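[1] structure for the following, please:
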Amino acid sequence: MEYKRNDYLVSKKFYRYLIPSFLSEMAMHMGSVVDAVIVGNLIGVDALSAVTLASPIIQISHIPGLILGLGGATLAAIWLGERKLKDASDMFSACVIVGLIFSSLGALTAFWINEPLARLVADDPRLLTFVDEYLFINILGLPIMTMVFLTCEFLNVDNHPDLGAWMFSIAEVVNIVFDIVLVKFAGMGMEGAAAATILGYACGLVMLILYARSNDRMLKLRFVGIAWFKNIFASLKTGSPRVSLEVMQALQIFVLNTAVLKILGVEAMEIYAVCSNTLIMAELLAGGIISVIPNICGVLYGEKDYFGIRQLMKKVVELSGILITVLTVVFLVFPEKIALLFGLENEELLPTAAVCLQIYSLSFVLYVFNEFLQHYYQTILETMLATLDTILEFFVLLIPITFLLMHYYGIYGVCAAVPISELLTIIIVEGTRKFLQERGKLPQEGLLMIPKPEHDDSLDVTIEAGEENAVDISKKIIDYCRARNVDEHTAYVLGLAAEEIAINISRYGYKKVKKPFIDINLSHDGEQWILRIRDDGIPFDPTTYHAGEENQFLLGGINLIRKLAKNLVYTRVLNMNNTVIEV
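    Predicted structure coming up:
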């Protein structure tokens, strides 16, 4: 029988992680949309403008949790793929402790820096009080928000994306309930809107109790002492594109909000606030899809499963592209209804707002593609390209283009600057990538920059679970090794290892699975042969197997493999068994 590699297991994990990732993004961004709708309708459009003005300060305050979470979890995912469990746990521990310390110190500053910050972003008397109240509660809640953003990233890479989804879902449901209670019935205004968010996310943290009690988690809290500094530096470096994103977004929002408010006036600011908040809808649809990249692609990159990476990225681009195109069409056809949804009821402003929304919506597809590039390049540790994309998209191009077009076309020019800057960002970043590749600075080829394998000669196949197939693939591995002049002992050990593990998977791991597939990869590094076997059956660790367990696992050959192989390593990553035998 001729075997080929298929993407069934990778696709299965994509959809398995897509659902909780999508739910997390939907809960988080839907909550933001509902927040905006509630604030705009119950307090007023001025309050919505105040939320937009306060957002850059809040965004900067969330940077510690975001950078430690995304940077640390990306490295943890790669290390889990490389089977460096201790290093991954050390990173998790360092990020949690340092994140908690710094966010707690930041919360204490709320009592003396809140008013100056409010005056910095809003000196208009109509907006200043709203901004001041909203900022104070948000800064006080920093430890809670930091722990949510940070730990959710690690939950996603450590076999528990469902808990991350529940964390955000609980947070946003409670947030919406308290929004109505505190704003509408208790009359707490902006303080109530901010408090509802903090209370919601505090309730979401209950998911960490379930994570701590789980037997499937690979990451453990450890005291790592001086190694914290090394891990924190590594997470900051890996997460630097995210820092650039948050800083550039915050600066961009601050500069543009100030410019629109002072140059074009409060009415133009109301229209711009509606337009900028609609970008949340694009994040809602496509953000959950793109967010699976660090979680799954990081592990695949650590495992050097480049076939799996190509298939995963293809699915991400296709699915996110379809959804965001549909959203754009909705904005082009129903702009006035969207403006009304956000509380813009001024009939004189509605026609202008409708045109602005149509122009602004042209940026959605381009925005999502830039987000894809940033997530992917950061995940494969090409942080220079990811950072370049971020800086160009959110500041270097957008700011001057906005001022230029604002001068000639007013609020229409402000909205038109967004799709133009998004398109130019893609052109410049991809041009830079090709330029560096042509000069050998980035030797990988193509958009995904998949590294060329050190040895093109490798066996990468997928078999359907079954004892007959296990025996057959064992023979093919032995024949494959003999054809490459590998000694009989090594060929026999590799064939035996593949057969024994595959038989165990077939007998015990896939009793209730309709399509039981096993990925098998055989490669060599110098004189060392590496056999990787992956399945998504029930957990089974052959490294802890003992001969007395034959009543449950009939694997007399496992002990023989452990004696003959140079190394036998097992990890449970992406809810899949990963067994690696080195000979």
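
[2] hey, let's count contacts and neighbours off CA atoms from now on
    OK.

[3] just confirm Asp87 contacts Ile78, I think it does.
    No. Look at Asp87 against Ile78 with C-alpha atoms under 8 Å: they stay out of range, at 10.3 Å.

[4] give me the more crowded residue out of those two.
    Just comparing Asp87 and Ile78: by other C-alpha atoms under 10 Å the higher neighbour count belongs to Ile78, 27 against 18.

[5] who touches the more buried one in this structure?
    Counting by C-alpha atoms under 8 Å, 6 or more residues apart in numbering, Ile78 makes contact with 298-303.

[6] just the buried members of those residues?
    Using 16 or more other C-alpha atoms under 10 Å as the burial test, the contacts of Ile78 include 298-303 as buried.

[7] ranges for the helices of the stretch 251-400 of the chain?
    266-282, 288-290, 292, 298-303, 306-333, 335-341, 350-361, 364-379, 383-391, 398-409 (DSSP state H, counting those that start in this stretch).

[8] the fourth one packs against which elements?
    Here helix 298-303 touches helix 63-81, helix 306-333, going by 3 or more C-alpha pairs under 8 Å, 6 or more residues apart in numbering; DSSP states H and E.

[9] one more: the second one?
    In terms of contacts (3+ C-alpha pairs under 8 Å, 6+ apart), helix 288-290 is packed against helix 8-38, helix 306-333, helix 364-379.

[10] centroid-nearest residue for the protein?
    Among the residues of the chain, Ser291 comes closest to the average C-alpha position under C-alpha atoms, centre = their mean, at 3.2 Å.

[11] that one: what's it in contact with?
    With C-alpha under 8 Å, 6+ apart as the criterion, the residues that contact Ser291 are 21, 375.

[12] rerun at 7 Å
    Taking C-alpha atoms under 7 Å, 6 or more residues apart in numbering as the criterion, Ser291 is in contact with Ser21.

[13] kindly export stretch 131-144 (C-alpha atoms) in CSV.
    Provided in CSV are the C-alpha atoms of stretch 131-144 (Å, rounded to 0.1, in the frame of the first residue of the first chain):
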residue,chain,number,x,y,z
VAL,A,131,-13.0,60.2,30.5
ASP,A,132,-11.9,60.8,34.1
GLU,A,133,-14.5,58.4,35.6
TYR,A,134,-13.9,55.7,33.0
LEU,A,135,-10.1,55.7,33.3
PHE,A,136,-10.0,55.6,37.1
ILE,A,137,-11.9,52.3,37.4
ASN,A,138,-10.1,50.7,34.5
ILE,A,139,-6.6,51.4,36.0
LEU,A,140,-7.7,50.1,39.4
GLY,A,141,-8.7,46.8,37.7
LEU,A,142,-5.3,46.3,36.0
PRO,A,143,-4.3,43.1,37.9
ILE,A,144,-7.5,41.3,36.9
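
[14] off-centre distance for it?
    Distance of stretch 131-144 from the chain centroid (C-alpha atoms, centre = their mean, to the nearest Å) equals 25 Å.

[15] before we move on, what about stretch 106-115?
    With C-alpha atoms, centre = their mean as the basis, stretch 106-115 stands 30 Å off its chain's centre.

[16] which residues are in contact with it?
    Outside stretch 106-115, the residues that touch it by C-alpha under 7 Å, 6+ apart are 132, 135-136, 139-142.

[17] make it 6 Å
    By C-alpha atoms under 6 Å, 6 or more residues apart in numbering, the residues outside stretch 106-115 that reach it are 132, 136, 139-140, 142.

[18] let me see the mean pLDDT of it.
    Stretch 106-115 carries an average pLDDT of 87.

[19] from here on, call the first residue 26.
    With 26 as the first residue, the last one maps to stretch 131-140.

[20] ends of it, what's the gap?
    15 Å (C-alpha to C-alpha, to the nearest Å).

[21] now Ile405. Its backbone dihedrals?
    Ile405 adopts backbone torsions of phi -90, psi 10, taken as degrees, to the nearest 10.

[22] now swap in Ile543 and tell me
    Here is the backbone geometry of Ile543 (degrees, to the nearest 10): phi -130, psi 130.

[23] quick one: the helices in the stretch 476-608 of the chain, in order.
    Listed in chain order (using DSSP H, counting those that start in this stretch), the helices of the stretch 476-608 of the chain are 492-507, 513-529, 581-589.

[24] per-domain residue ranges of this structure.
    Residue ranges for the domains of the chain, per automatic domain parsing: 33-463, 484-607.

[25] which one of those domains has the lowest average pLDDT?
    It's domain 484-607: among the domains of the chain, that one has the lowest mean pLDDT, namely a mean of 77.

[26] tell me which of the helices of the stretch 476-608 of the chain sits nearest to Ala379.
    helix 513-529 (60.1 Å; C-alpha to C-alpha).

[27] thanks a lot, catch you later.
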